[in-house]
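Enquirer: Let's see this in three dimensions:
(2 chains)
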Amino acid sequence: MISVVLVLLALAAQAHATGSEGWPTYHGDYSGQRFSALTKINAQNVKHLSLAWSYRLSSPGTIKSTPLVVDGIAYVSIPDHVWAIDARTGREVWHFEWDGKGGNHIGNRGVAVAGDSLYVATPDCTLHSLSIKDGKERWRQTICDLDLYYYVSNAPLIIANNGGTHLIVGVSGDDLDIPGYVESHDPSTGALQWRWYVVPQKKGDPGFESWPNEDMAKHGGGMTWQPPTYDPALNLLYVTTGNPQPVVAYKNRPGANLFTASIVALNPDDGKMRWYFQSSPHDTHDWDATQVAVLFDGEINGQPRKLLGQASRNGKFFVLDRTDGKAIVSSDYVYTNWSNGFDEKGQPIPNPEKEPQIAGALVTPNQGGATNWPPPTFSPQTGLFYVSAAQAYSVWYIYDAGDNPQGWGGTDRGGWSQNMLQAIDYKTGKVRWSHKWEGGGMSGLLSTAGNLVFSGDGSSGNFVALDATTGEPLWHAGLRSGVSNGPITYTLDGQQYVVVGAGDTLWAFVMNE
Amino acid sequence: MFRFGPGSPVAAAAAALIVALTASVEAQRPPTQRPPARVTAARPAGSDSREAIARRLCSQCHPFEFVIGVSRTREQWEGVVENMVGRGARGTRAELAAVVDYLSENHVLKASTVRGGSGPDDKPIVDPKAAAAAKPLYTASCLACHGPDGRGTAQGPNLVRSLVVLHDRYGDKLGPYLRASHPRAGKPAGSGSPFEALSNREVLLLAHFLRERIEDTLRGAPMFKPGNVLVGDSSAGARYFQGEGGCTQCHSPTGDLAGIGRRLEPVNLQQRFLFPQPSGGRGRGRGAATKPVTVTVTTESGETLTGALDRIDDFNVSFRDASGNYRSIRRTPGTKVVEDDPLAAHTALLSRITDKQIHDVVAYLEGLK
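Expert: Numbering: from 1, shown residues only, chains lettered A, B, ... in the order given. Down below sits the predicted model:
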């Protein structure tokens, strides 16, 4: 156990040295920046970047997960499958296949690795511990109820601090009216350490006043389907939460519906909430606020500050003080038409006329959002927050006009969208540069100290390196399909690799010298 | 009621055969990938004869329509036939296999297309026939307290959120609960259930009915239909059409749009004028556009080429020229590319049209009969 802690602490230290070797967590480190200090590949030489290897999954699926790279082995997952791949050659080392019992197979974000164990959650509500040596299962735990339409797509996160080690995992499932939660497990045994419910489970719980009654509150949704970020110095875990339930028809849930569509700071040792910020009060558009809470240190009005940035699915960009959740910047990173400014806390004020209507309301963003799960990146070098974005319109309808809608009760239809890469100045919330893509669809992002941002260009199917300062495309490679995950970078034997998933294939690029 | 008791040696032998049959089939493939049909034993000639055999064997005790009134998975039909053999149904091995095949192919539960509502190993599958057959029973026994859609009233809880209902598989939880634990209105707990006498079939029908009520709440549920979108002012719509909207630059109420109100449902009219691109979805669907985007490319050498856009990204552009030739050109810094999108005026509306103007235009277009 002690050795596991030491490995984890070493891993954490390495992660905070900005991932100079492997890519040990979903985001590369705990901050969610997806910024690498590696410079071997840079804006000057990137035009020479070339293919090192490709690996096509031995079972069909789309790679939405961000691979981890630990000790020269890459670990990549899709629902019910994990592969260990030699990160030098792209050869398969082992393959774990789970004979699942069901659950929504929409995607899997990835795995966690600590010591000689790998952790992955499968759609049928099962959390597994595997040996990284051969992929053999060590233990498994059921973490949600499949009958209630829960499933899991999240990548677990391992953190180690003075309070012990915690395996953090969230749940998915915005079908029925059920509560979201985050759990912490003992990584060595799988035993539950704590569970934090996103919505009040009884009268008097925090946030209860934002719901009409106990029944609506305890069934109020708020799925936790994205991996959290973590600040070891503050010992705060930043969890982002999903949409309230019922999703679109909202008549029976007046109020802000806390703590759905929010950024929440938890103590990882006991799961108690320290503060919250609601990115989408009373969400009625399935927008969530599960986008990455990116942690970075910056300067506001000449003062050094511990900050947190989020480009939310609703089209709003927030910079908060991550010690207390107070908003410093609230802005729009694409044009939005659904809100009437921001309240005194910096939270958007929804315009009731742009909530879904029986006759339809034209809203931007659409259900897919101004961005979605593909992870953004923050470069401390440029001070820019990069996000894969869409200016997308659709018409929102109420289908269940009764007084007690359940589940969905409506949806959006149709649409038009323009996809783009937005580079946002964190100090002002203004878009410094915008690069429009011809193709549709979003991409995960990676920034590096080589003054580069890596991105897909949607359905056009290219993997592109852009100048991080100007947004000018400098290099591209046409892949068989659009980029479908967040790109990563690592060094092995002194060579810097960039690896990206597109459909069922991992593509690895390297600078040949 | 049954001709042969469960102890009958013939029945026992037949039951053993069915069990063996089932076990061998189970071993052949994972449970989630059941093909819709298979042949497990010599089948009598002609598929109609299988129905005749099923009708003959089942009708010994039941009206056949009663038997096929509920759809089941193959596994469930195998269980039913096995159970009936145990109760005295008599047939050869080939005949019993033919009955299972016939029932599994013609009266099988079809997995829901509703997101999240599928799979024999995940969520139970709804049989709409069985759900409909439960309505009289539900109306008589349940509706007063649980409401018409099962979502509860002051007298009874919400069944769509009930853990007994959500954990139920074809009555396995619902039956024991209804018969033994359901409270009696106005009586203290432990006074017995008012539903002690419910038959297995009634429980199964109710299970399908309640599962259907759950599926009614899922995204994409068939019951979710647009309401009335004709809430606008037709004359204001006409003014917008002829003025601010700029619609007459391309369209005419007596030309291309004559009779549009007859051809399209109002909600589709609304969708079509806001989002005319045929893909109707994400991205700028161009490939299938009825009026293609035209692209004009001026190369570094000064040559000007034009054609119907095939594909464009930051690095290359391809198109078909007037002769139908495919052209692909690299986008260098000195290459100029100009796109002409015939639907650009519709796109430009999105950031400025109000919901009232949308409803007015739909009311106006709907009137073009």
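Enquirer: SS state for B:Leu269?
Expert: The three-state assignment at B:Leu269 reads helix, by DSSP: H, G, I helix; E, B strand; the rest coil.
Enquirer: so it touches B:Glu366, yeah?
Expert: Yes: B:Leu269 is within contact range of B:Glu366, at 6.2 Å (criterion: C-beta atoms under 8 Å). (Each C-beta comes from the backbone N, C-alpha and C, glycine too.)
Enquirer: Now do the shared contacts for the two.
Expert: Shared contacts of B:Leu269 and B:Glu366 (C-beta atoms under 8 Å, 6 or more residues apart in numbering or on different chains): B:Gly261.
Enquirer: what residues are up against residue 366?
Expert: By default, I'm working from chain A. A:Ala390, A:Ala392, A:Tyr393, A:Ser394, A:Asp412, A:Gly415, A:Ser417.
Enquirer: To clarify, I was referring to chain B.
Expert: B:Leu230, B:Ser234, B:Gly261, B:Pro266, B:Leu269.
Enquirer: hmm, 10 Å instead?
Expert: Counting by C-beta atoms under 10 Å, 6 or more residues apart in numbering or on different chains, B:Glu366 touches B:229-230, B:232, B:234, B:237, B:260-262, B:264-266, B:269-270.
Enquirer: Same question for B:Arg179.
Expert: B:Gly192, B:Ser193, B:Pro194, B:Phe195, B:Glu196, B:Ala197, B:Leu198, B:Val203.
Enquirer: Name the helix or strand for the third one, please.
Expert: Assigned by DSSP states H and E, B:Pro194 falls within no helix or strand.
Enquirer: So what's the residue count around it?
Expert: Around B:Pro194 there are 15 other residues, counting by other C-beta atoms under 10 Å in any protein chain shown.
Enquirer: Kindly report the same for the fourth one.
Expert: Residue crowding around B:Phe195 was assessed by other C-beta under 10 Å; the count is 19.
Enquirer: quick one: contacts for it?
Expert: So B:Phe195 contacts B:141-142, B:175, B:177-182, B:184, B:202-203, B:206 (C-beta under 10 Å, 6+ apart).
Enquirer: So the spatially closest residue to it that is not a sequence neighbour: helix, strand or coil?
Expert: Leaving aside its sequence neighbours, B:Phe195 sits nearest to B:Leu178 (C-beta to C-beta, 6 or more residues apart in numbering or on different chains; 4.3 Å). Under the three-state scheme (three-state DSSP), B:Leu178 adopts helix.
Enquirer: B:Leu178 - how many residues pack around it?
Expert: B:Leu178, neighbours per other C-beta under 10 Å, totals 22.
Enquirer: my guess is it contacts B:Leu204, does it?
Expert: No: the criterion here is C-beta atoms under 10 Å, and B:Leu178 misses it with B:Leu204 at 11.6 Å.
Enquirer: tell me, what's touching the two both at once?
Expert: If you check B:Leu178 and B:Leu204 against C-beta under 10 Å, 6+ apart, the residues they both contact are B:Gly171, B:Leu198.
Enquirer: Might you report the residue contacts of A:Ser331?
Expert: So A:Ser331 contacts A:311, A:315-319, A:342, A:346, A:424-425, A:428-431 (C-beta under 10 Å, 6+ apart).
Enquirer: Is B:Leu166 in a helix, a strand, or coil?
Expert: helix.
Enquirer: My read is that it contacts B:Ile214, right?
Expert: Yes: with contact defined as C-beta under 10 Å, B:Leu166 counts as touching B:Ile214 (7.2 Å).
Enquirer: Which residue ranges make up each domain of chain B?
Expert: Taking automatic domain parsing as the domain assignment, the ranges for chain B are B:9-106, B:128-215, B:234-366.
Enquirer: okay, those domains in a markdown table with distance to A:Leu68 next?
Expert: Compiled in a markdown table, these are given as follows (distance: least, C-beta to C-beta, whole Å):
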| stretch | distance to A:Leu68 |
| --- | --- |
| domain B:9-106 | 29 |
| domain B:128-215 | 35 |
| domain B:234-366 | 30 |
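Enquirer: A:Asp283: which of the ones you listed is closest?
Expert: domain B:234-366 (19.4 Å; C-beta to C-beta).
Enquirer: Spell out whether stretch B:327-341 and chain A are in contact.
Expert: Yes: with C-beta under 10 Å from any C-beta of the partner chain as the criterion, chain A is reached by stretch B:327-341 at B:Glu339.
Enquirer: which residues touch that stretch?
Expert: A:438, B:277, B:284, B:286, B:289, B:291-307, B:309-321, B:347.
Enquirer: Just the ones of those residues in strands?
Expert: B:294-298, B:304-307, B:309-312, B:316-320 (DSSP state E).
Enquirer: In ChimeraX, how would I select the buried members of those residues?
Expert: Of the ones in strands among the contacts of stretch B:327-341, the buried ones can be selected in ChimeraX as follows, counting by 16 or more other C-beta atoms under 10 Å in any protein chain shown:
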select /B:295,297,305,307,309,310,311,312,317,318,319
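Enquirer: Without its sequence neighbours, what residue ends up closest to A:Gly222?
Expert: A:Val198 (3.3 Å).
Enquirer: and the one you found, how many neighbours?
Expert: 30.
Enquirer: Quick check: the residue of the stretch 101-250 of chain A nearest chain B.
Expert: Nearest residue of the stretch 101-250 of chain A to chain B (C-beta to the nearest C-beta) works out as A:Gly102 at 2.7 Å.
Enquirer: Quick one: end-to-end distance for stretch A:27-37.
Expert: 14 Å (C-alpha to C-alpha, to the nearest Å).
Enquirer: What parts of the stretch 401-513 of chain A come near chain B?
Expert: So far as C-beta under 10 Å from any C-beta goes, the stretch 401-513 of chain A lies against chain B at A:401-411, A:413-419, A:435-442, A:457-462, A:464, A:466, A:472-473, A:476, A:478.
Enquirer: looking at this, A:Ser77 is in a helix?
Expert: No: looking at A:Ser77 with three-state DSSP, it is strand, so not inside a helix.
Enquirer: Contacts only, for it.
Expert: Contacts of A:Ser77 by C-beta under 10 Å, 6+ apart are A:57, A:61, A:63-68, A:83, A:96, A:107-111, A:118, A:120-122, A:155.
Enquirer: 7 Å instead, please
Expert: A:Ser77 makes contact with A:Ser65, A:Asn108, A:Gly110, A:Val111, A:Val120, according to C-beta atoms under 7 Å, 6 or more residues apart in numbering or on different chains.
Enquirer: ditto for A:Gln245
Expert: A:Asp174, A:Asp177, A:His219, A:Gly220, A:Gly221.
Enquirer: helix, strand or coil for the residue nearest to the residue of the stretch 101-250 of chain A closest to chain B when sequence neighbours are not counted?
Expert: In space, and not counting its chain neighbours, A:Gly102 is closest to B:Asp122: 2.7 Å by C-beta to C-beta, 6+ apart. Here B:Asp122 is recorded as coil under three-state DSSP.
Enquirer: and B:Asp122, how many residues sit next to it?
Expert: Neighbour tally, B:Asp122, other C-beta under 10 Å: 22.
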